[in-house]
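Student: could you work out the structure for the sequence below:
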Amino acid sequence: MDSGYRLQCSNCGTQIGVPHGETRVKRRCPGCGMPLIPGHALPQEVTDETWEAEVLGSAAPVVVEVWGPECEVCAQYELAVRQMAVDMYGEARVLQLNIEENPRTAARYGIQGVPTVLLFAGGRHVATLPGPRGVRGIRERLGLA
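Tutor: Below you'll find the model as predicted:
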């Protein structure tokens with residue numbers, strides 16, 4: 001089972017998980033009591049070890065950005081990926097996979113270069129999109145447009 005979405009408190013920085021079916025529930029930060037808002041959603045890291053539960057076992061569609069620490073394009077794309085997590089909160093989960101630390105999963109999906117975006121729905125691989133991608137095209141490919 002997936003860990004849902006991640007929100008970060010803008011006041012103290014505490015991060016909390018929100019289950020997929022509970023994205024409309026108003027929540028407060030357990031650290032400082034401030035309201036948590038969907039505008040503070042974050043992409044989550046996924047690994048070879050957590051792949052099955054987080055991606056293939058997800059109740060929501062999943063967008064996975066495959067990136068590398070030495071990739072300049074990936075670094076430039078980071079802000080767009082963070083915004084995608086905000087824009088898709090409650091509709092699709094946005095995850096990130098470090099290709100250097102997770103070679104089994106990268107090989108499983110034939111990743112040739114980074115950044116690459118992988119799309120999943122219902123636990124099935126829907127598409128592999130090389131290069132940085134915009135949220136509109138991703139929404140269309142997942143049937144969320």
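Student: would you mind giving the secondary structure of residue 64?
Tutor: strand (DSSP: H, G, I helix; E, B strand; the rest coil).
Student: list the residues that contact it.
Tutor: 46, 55, 95, 96, 97, 117, 118, 119, 120 (C-beta atoms under 8 Å, 6 or more residues apart in numbering). From N, CA and C alone the C-beta is placed, and that goes for glycine too.
Student: which helices and strands does the helix or strand hosting the fourth one pack with?
Tutor: Taking DSSP states H and E as the definition, one finds residue 96 inside strand 93-98. Under the contact criterion of 3 or more C-beta pairs under 8 Å, 6 or more residues apart in numbering; DSSP states H and E, strand 93-98 touches strand 44-45, strand 62-67, helix 72-87.
Student: rerun at 6 Å
Tutor: Strand 93-98 sits against strand 62-67, with contacts defined as 3 or more C-beta pairs under 6 Å, 6 or more residues apart in numbering; DSSP states H and E.
Student: for the record, mean pLDDT for the strand it packs on?
Tutor: The average pLDDT within strand 62-67 is 98.
Student: next, count neighbours for the closest residue to residue 110 other than its chain neighbours.
Tutor: Leaving aside its chain neighbours, residue 110 sits nearest to residue 128 (7.3 Å; criterion: C-beta to C-beta, 6 or more residues apart in numbering). Residues lying near residue 128 (other C-beta atoms under 10 Å) number 15.
Student: what strands flank the helix or strand hosting residue 128, and is each parallel or antiparallel?
Tutor: In this assignment (DSSP H and E), residue 128 forms part of strand 124-130. Strand 124-130 has the following strand partners under DSSP bridges: strand 116-121 (antiparallel).
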